[in-house]
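> okay, predicted coordinates and the sequence, questions at the end:
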Amino acid sequence: MPIDSSPTIPAHPDLSDRGRLLLIAAGATLFLLFGLVVDGPVAAFRGLGAILMVRDTLVTDYMGVGGIGGAFLNAGLLTLIAAAIYRLSGAKIGGASIACLMLVLGFSLFGKNLLNVWFIILGVFLYSRFKREPFSAHINTAFFGAALAPIFTEILFSTTLTLPVAIPLAIATTLLIGFILVPAAAQLFKAHMGFSLYNMGFTAGIVGTLVVAIYKSYGFVPDPVFIWSRGNNLLLGVALYVFFLAVAGVAFRLDTTSLRRLPDLLRLSGQSPTDFTGEVGIGPALLNMAITGSIGTTYVLLVGGDLNGPTIGAILTIVGFSAYGKHARNILPIMAGVVLGSLFKPWNVADPSIVLAALFGTTLAPIAGRFGWHWGLVAGFVHSSAALSVGFLHGGLNLYNNGFAAGIVAAVIAPVALAMSRREAGKEEPEK
């Protein structure tokens, strides 16, 4: 049965914007300290240096470049800086902002770093100045838009361009990308009607495709990259479960009724925009984040996948959007659809690309939430093929490749599901 999207929810305990940012900062600090402890400060900072000098095209696992220490140090530092910028901007810290900051934390393990994100963010800032609007109104777009950060390092570290050409070209390109992201994202949202939660992934895929097409016409072709670390499942698995247990503990500390309120959250469809922190409160939202993070981690281990930068980034993306659209009832059908696809298609469920498709594909959770689990299966099944087929369009320069694929899937499946559900409900008007 479809999930009811209109529960009656009483008042609930809450946190100020400052308090929510402090929670994010605390999580980022834990990541930073974990990196320093695991590899030691010297090795961690050496690894961070290596990360800053590498091309970031999909898939570049920072654990394979700078070790666990360097990757977690990069993630912690970048997220702390991002949280500080949110604070200085005076931005409202709702579910979308929490999702965005968790994406910064996750993707800083593979693709976003202390060097490559800033000119896209600056481009969005310049757009806000041009429109005479507060940067806080567009800050989520700025940090979500860092999906295209690999374009900066791809140009900067190009072997076909001299440094005096590469530096201004990299800066100008990413500034322009940032400048156009806000209006582009607003328009492209209409295509999938909020049934894909990663609207910026869809937008970045289209913008990235245009950028790559232009550069290819001048002979500049991105080289494929695949860096994928293995062998750390025990250490990283234990660390993740402890982290999610801590998140659950904070949820109960803030709101002792979090578990009782959780069913109210599970009745929400998740169609964007749906801010769980505003609908049911920060306590149940945090508990939901801990549960879905544990589900994602368990899935990777059960199918024989690897816990590394990309997969942990995907798990933290699920966690972040569990404050803004995802929960166990609407993500599991999508993941099951990807697994089902693996049984009837020529790949294995443990293949890196399929593991990522199952985790990132939960962006389609609102389809299962609005139309029922069976439509979630269909969406996951289709997404498992789409995610493997669109990467060549943007040359791996859009970190949210699954978001791009899912936007296309949602733009097709959601209208069909909507039309069929109306017909079944007897609301379809006769053709004239």
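Nice, thanks for sending it over. Numbering: from 1, shown residues only.

> from memory Gly64 sits against Ser229, does it?
Yes: the pair Gly64 and Ser229 qualifies as a contact (C-beta atoms under 8 Å) at a distance of 4.0 Å. Yep, even glycine has a C-beta here, placed from its N, CA and C like the rest.

> I'd like to know how far Gln271 sits from Asp61.
Between Gln271 and Asp61 the computed distance is 32 Å (C-beta to C-beta, to the nearest Å).

> looking at those two, which has the bigger crowd around it?
Asp61 (25 against 20; other C-beta atoms under 10 Å).

> quick one: residues contacting that one.
By C-beta atoms under 8 Å, 6 or more residues apart in numbering, the contact list for Asp61 reads Ala71, Leu109, Phe110, Ile227, Trp228, Ser229, Asn308, Gly309, Pro310.

> any shared contact partners between Gly64 and Ser229?
Asn308, Gly309.

> can you tell me the helix or strand for Leu78?
helix 62-89 (DSSP states H and E).

> what residues of that helix count as buried?
Residues of helix 62-89 classed as buried: 62-80, 82-83, 85-86, 89 (neighbour count, 16 or more other C-beta atoms under 10 Å).

> can you check stretch 98-117 too?
Buried-residue list, stretch 98-117, by 16+ other C-beta under 10 Å: 98-113, 115-117.

> likewise for stretch 411-426?
Applying 16+ other C-beta under 10 Å to stretch 411-426 flags Ala411, Ile413, Ala414, Ala417, Ser421 as buried.

> likewise stretch 290-301?
Residues Ala290, Ile291, Thr292, Gly293, Ser294, Ile295, Gly296, Thr297, Tyr299, Val300 are the ones in stretch 290-301 that count as buried (16+ other C-beta under 10 Å).

> and the host helix or strand of Val104, how far out from the chain middle?
Assigned by DSSP H and E, Val104 falls within helix 95-107. When distances are taken as C-alpha atoms, centre = their mean, to the nearest Å, helix 95-107 is centred 7 Å away from the chain's centroid.

> helices and strands around it, which ones?
Applying 3 or more C-beta pairs under 8 Å, 6 or more residues apart in numbering; DSSP states H and E, one finds that helix 95-107 makes contact with helix 17-39, helix 62-89, helix 139-144, helix 276-279, helix 309-321.

> domain assignment for this structure?
The record's domain parsing of the chain by automatic domain parsing lists 17-216, 233-422.

> so where's the chain shaky on pLDDT?
Within the chain, the ranges that satisfy pLDDT under 70 run 1-12, 423-432.

> repeat the analysis, applying 50 as the threshold.
Within the chain, the ranges that satisfy pLDDT under 50 run 1-10, 428-432.

> quick one: closest of the helices and strands packed on helix 95-107 to Met335.
Closest of these to Met335 is helix 309-321, at 9.7 Å (criterion: C-beta to C-beta).

> please export the C-alpha coordinates of that closest one as CSV.
This file holds the C-alpha atoms of helix 309-321, laid out as CSV (Å, rounded to 0.1, in the frame of the first residue of the first chain):
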residue,chain,number,x,y,z
GLY,A,309,35.5,6.0,0.4
PRO,A,310,32.8,5.6,-2.3
THR,A,311,30.6,3.2,-0.4
ILE,A,312,30.8,5.1,2.9
GLY,A,313,30.1,8.3,1.0
ALA,A,314,27.0,6.6,-0.4
ILE,A,315,25.9,5.4,3.1
LEU,A,316,26.4,8.9,4.5
THR,A,317,24.3,10.2,1.7
ILE,A,318,21.5,7.9,2.8
VAL,A,319,22.0,9.1,6.3
GLY,A,320,21.9,12.8,5.3
PHE,A,321,18.7,12.4,3.3
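
> quick one: that helix to chain centroid distance?
7 Å.

> report the angle between that helix and helix 95-107.
Helix 309-321 runs at 170 degrees relative to helix 95-107, counting by axes from the mean of the first three to the mean of the last three C-alpha atoms, to 10 degrees.

> report the angle between the axes of helix 309-321 and helix 17-39?
Angle, helix 309-321 to helix 17-39, by the same axes, to 10 degrees: 160 degrees.

> if we look at whatever helix or strand comes next after helix 309-321, which residues are touching it?
Per DSSP H and E, the first helix or strand lying C-terminal to helix 309-321 is helix 328-344. The contact list for helix 328-344 (C-beta under 8 Å, 6+ apart) reads 3, 266, 269-270, 288, 291-292, 295, 299, 303, 318, 348-349, 354, 357-359, 361-362, 364-369, 373-385.

> closest to the centroid, which residue in the chain?
Against the mean C-alpha coordinate of the chain, by C-alpha atoms, centre = their mean, the closest residue is Thr317 at 4.2 Å.

> thinking again about what came up before, closest to Ala213 out of the helices and strands packed on helix 95-107?
Of the helices and strands packed on helix 95-107, nearest to Ala213 by C-beta to C-beta is helix 139-144, at 22.4 Å.
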